[in-house]
Each structure stands twice: as structure tokens, then as C-alpha cells.
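>>> quick one, structure for this:
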Amino acid sequence: MAKESKNDKEEKDEIEIVDDEEEALAKIVKLKRTLAECRVAKEEYLAGWQRAKADYVNSERTFREREERTVARAHEKILTDLLSIIDSFDNAFASHPPDSPWVSGIRSIHDQARAILGRYDVRVIETDGAVFSPRLHEAIEVINTDDESKDGEIIAELQKGYMIGDAVLRPARVRVAHYRTNLENRFRGEM
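Down below sits the predicted model:
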């Protein structure tokens with residue numbers, strides 16, 4: 001004779017033979033109620049698990065986004081600090097003859113610093129022939145002009161500006177032309 005397994009024995013223990021029809025119907029109703037309660041509990045557990053999983057995925061995404069923003073801000077800070085060194089190099093080159101041995105030796109260091117900027121997609125904001133844009137430029141000085149076609153034109157760049165990707169890392173500091181209308185000239189003349 002084969003030995004009964006533990007599961008077979010438990011199933012036989014749960015099976016109850018009922019002779020009375022009413023008692024059998026009552027047990028069926030009770031089992032259906034228990035089954036319905038189990039289904040409700042299962043749905044609650046499933047919904048709770050799904051919410052917990054969604055919360056986990058959202059928090060993971062939020063953490064990654066914060067980490068990326070923190071790294072980007074750190075890069076921007078370091079690159080901005082590097083810009084002041086590059087400005088110093090540019091000023092030094094402007095005050096020394098280009099053929100001096102000092103300039104040629106230091107130019108390689110300057111080029112290495114510029115290469116670092118290039119690796120981070122940092123590029124100069126062009127101002128030659130450009131029209132003033134408050135997004136890209138900081139007007140340090142406004143020069144009045146009588147030539148209407150020069151209105152808003154950048155006259156001189158006082159400090160280079162830089163962009164990283166599509167964002168302004170540092171605006172270009174510029175001198176801008178402003179056309180004075182006849183009304184402005186008359187108003188200024190009365191003062």
C-alpha cells in the first residue's frame with residue numbers, strides 16, 4: 001500500500017461529508033462568502049503591491065533626476081571657475097606681443113583649458129555683428145546713437161559669454177547702441 005503524502009492527508013482532513021442537504025447548502029454559502037472575502041483581500045494586496053512598485057519606480061526616477069541635476073550644477077560651477085582662468089589668459093595675451101616666447105608657451109595651457117570646455121559642450125556666445133539679447137548678453141553700457149539701423153546692436157564685447165548646450169553658463173558682457181528718437185532728443189534738450 002502506498003504511503004499518503006502530507007498534502008493528501010490535509011486535503012482529506014478538510015473534506016467533510018454531509019448527509020443533510022440544508023447543512024450542505026449552508027456550507028456552500030459559507031465557502032462562497034469565504035472565497036469572495038479572499039478575492040477582495042487578494043485585490044487589496046495586489047493594488048497595494050502595485051502602488052508600492054509605482055512609488056518605488058517614481059522615487060528611483062526622482063533620485064536619478066536629482067543626481068543628474070546635482071552633477072550638472074557641479075559641472076557648471078567648475079566650468080564657471082575655469083572661465084575666469086581663461087579670461088586671465090585672454091587678458092595676458094592681449095597685453096603681450098603674440099610672437100613672444102612667453103605667449104607661445106602659455107598658449108598651450110590656454111588651449112588645454114579650452115579643450116576641457118569643448119568636452120563639456122561649452123562654446124563662446126558670438127557677439128560680432130549681433131543684436132542685443134537679454135537671454136545671451138548683459139548690457140554693461142548703453143551708448144546713444146543717431147543711426148536708427150544701429151539700435152540694439154552690440155558695439156563691443158567687454159567679457160566673453162559662454163553657453164553649455166542650450167543654457168547660458170555666463171552671459172556676454174557688452175556695450176550696446178541705443179537709437180535716440182526725436183522725442184527722446186527733445187525731452188533731453190528740455191532738461
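>>> can you report how many residues neighbour Y45?
Other residues lying near Y45 total 10 when counted by other C-beta atoms under 10 Å. Just so you know, the C-beta spots here come from the backbone N, C-alpha and C atoms, and that holds for glycine as well.
>>> next: E157.
The criterion is other C-beta under 10 Å. On that basis, E157 has 19 neighbouring residues.
>>> with adjacent residues omitted, what lies nearest to it?
Once flanking residues are discounted, E157 sits nearest to T127: 4.4 Å by C-beta to C-beta, 6 or more residues apart in numbering.
>>> remind me, longest helix of the protein?
When every helix of the chain is counted residue by residue (DSSP state H), the longest turns out to be helix 21-95.
>>> just checking, what packs against it?
If contacts are counted by 3 or more C-beta pairs under 8 Å, 6 or more residues apart in numbering; DSSP states H and E, helix 21-95 sits against helix 101-119, strand 161-164, strand 167-170.
>>> mind listing what's buried in the last one?
Of all the residues in strand 167-170, those buried under the rule 16 or more other C-beta atoms under 10 Å are 168-170.
>>> could you point out which element follows it?
Read in the C-terminal direction, the helix or strand following strand 167-170 is strand 172-179, with elements assigned using DSSP states H and E.
>>> what's that following strand packed up against?
For strand 172-179, the helices and strands in contact under the criterion 3+ C-beta pairs under 8 Å, 6+ apart are strand 137-145, strand 154-159.
>>> any chance of these in JSON lines, with mean pLDDT too?
Written out in JSON lines, the entries for these read as follows (pLDDT from 0 to 100):
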{"stretch": "strand 137-145", "mean pLDDT": "93"}
{"stretch": "strand 154-159", "mean pLDDT": "94"}
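>>> would TSV of those with distance to K42 be doable?
As requested, these are arranged in TSV below (distance: least, C-beta to C-beta, whole Å):
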stretch	distance to K42
strand 137-145	63
strand 154-159	67
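>>> of all these, which lies closest to R69?
Nearest to R69, of all the helices and strands packed on strand 172-179, is strand 137-145, at 24.6 Å by C-beta to C-beta.
>>> what packs against that closest one?
Applying 3+ C-beta pairs under 8 Å, 6+ apart, we find strand 137-145 packed against strand 154-159, strand 172-179.
>>> the first one pairs with which strands, parallel or anti?
Spelled out, it's strand 154-159. Neighbouring strands of strand 154-159 in its sheet, by DSSP bridges, are strand 172-179 (antiparallel).
>>> buried residues, the partner strand. List them.
Within strand 172-179, judged by 16+ other C-beta under 10 Å, the buried ones are 172-177.
>>> one step back: highest mean neighbour count out of the helices and strands packed on helix 21-95?
Stretch with highest mean neighbour count among the helices and strands packed on helix 21-95: strand 161-164 (a mean of 19; mean count of other C-beta atoms under 10 Å).
>>> can you find the helix or strand in this protein with the smallest mean pLDDT?
helix 182-190 (a mean of 52; mean pLDDT, DSSP states H and E).
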